Each structure stands twice: as structure tokens, then as C-alpha cells.
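> Below is the sequence, then the predicted model.
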Amino acid sequence: MRHQRLDRISEEIKKEISRIIREDVKDPRISPMVSILRVDVARDLRYAKVYVSVLGNEEEKTSTIEGLTRAAGFIRKELGRILTIRYIPELSFVLDTSIEYSVDISKKIVEITREQEKTSENE
């Protein structure tokens, strides 16, 4: 039962952080192409690790993480106004490259498939 509660809280925090970043945070370092992929909340609700994906080059990714880290206090304060839980967790933002990795793997699979088709045609 407790695990389900953590999952619900994580999803609610994810939804609200996405909205806060989109509507309220005005830091120019934060890319408009940022998305929150997942939020892992500690069992005691004191800490939350926020996994962020940024569409852009390395410079945009690092500046977005810096901007989000600087805005963490503001985002936490806004979460406190919205959520009705005892503790609002300390936020730490982590760059998640899993989407880029999966796209890269898909491209490689397509390349290998094309190469295999070419070699089978030549035989």
C-alpha cells in the first residue's frame, strides 16, 4: 500500500513540476524543449530526484540543468503551495539521456537491417 502512495505522489510531483517549469519559471537558461521523464521520491518524502530530458545540444542541456538547479527552491516553494503533503521534498535534477540512447540504438538496428538486406541480395 505504501508503495502505491509513493507512486501517486511521484506522478503528482512530476505533473506539477512540468507545469511550473512551463508556466512560472522565467530563467532564460532553461530550454523550452525540456520534459520531465520521471520523479523518484524517497520513502520519507524528504528528497526527490527529477529526471529531465532536453532536446538540443550539450550546451543547452548543461545550461538547462544549471537553470533548474538554481530554480529548485522556487519550484519547491510552488509545490508546497499546490500539494497537501507533510513534507515537500528537496529537488535534485538529473539529465536523462535514455531517449537519445534509444533513438541511437534504433538507427543502428535500421543500418544493420539494410546491410543484411544488401548482402542477401548480392548472394
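Received, thanks.

> Contact partners for the closest residue to Y87 other than its chain neighbours?
What sits nearest to Y87 in space, not counting adjacent residues and going by Cβ to Cβ, 6 or more residues apart in numbering, is L45, at 4.4 Å. Every residue, glycine included, has its C-beta placed from N, CA and C. The contact partners of L45, by Cβ atoms under 8 Å, 6 or more residues apart in numbering, come to 9, 85-87, 89.

> Quick check, I99 in contact with V52.
No - under the criterion of Cβ atoms under 8 Å, I99 makes no contact with V52, lying 10.9 Å away.

> what's the nearest residue to I17 if we skip its chain neighbours?
Beyond its immediate neighbours in the sequence, the residue positioned closest to I17 (Cβ to Cβ, 6+ apart) is I36, lying 5.5 Å away.

> For the host helix or strand of the one you found, list the C-alpha coordinates in PDB.
Secondary structure here is read from DSSP states H and E; on that basis I36 sits in strand 34-41. C-alpha atoms of strand 34-41 as PDB (Å, rounded to 0.1, in the frame of the first residue of the first chain):
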ATOM      1  CA  VAL A  34      12.500  20.300 -21.600                       C
ATOM      2  CA  SER A  35      10.400  17.400 -20.400                       C
ATOM      3  CA  ILE A  36      10.200  15.700 -17.000                       C
ATOM      4  CA  LEU A  37      10.500  11.900 -17.600                       C
ATOM      5  CA  ARG A  38      10.400  10.600 -14.100                       C
ATOM      6  CA  VAL A  39      10.500  11.600 -10.400                       C
ATOM      7  CA  ASP A  40      11.800   9.200  -7.800                       C
ATOM      8  CA  VAL A  41      10.700  10.200  -4.300                       C
END
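
> For K26, which three-state class applies?
Classification of K26 into helix, strand or coil gives coil, according to DSSP: H, G, I helix; E, B strand; the rest coil.

> thinking again about what came up before, partners of the strand holding I36 in the sheet?
Sheet partners assigned to strand 34-41 using DSSP bridges are listed as strand 47-54 (antiparallel).

> quick revisit: can you put the contacts of L45 in JSON lines and add distance to L79?
JSON lines is the format used below for the contacts of L45 (distance: Cβ to Cβ, whole Å):
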{"residue": "I9", "distance to L79": "11"}
{"residue": "I85", "distance to L79": "9"}
{"residue": "R86", "distance to L79": "13"}
{"residue": "Y87", "distance to L79": "11"}
{"residue": "P89", "distance to L79": "8"}
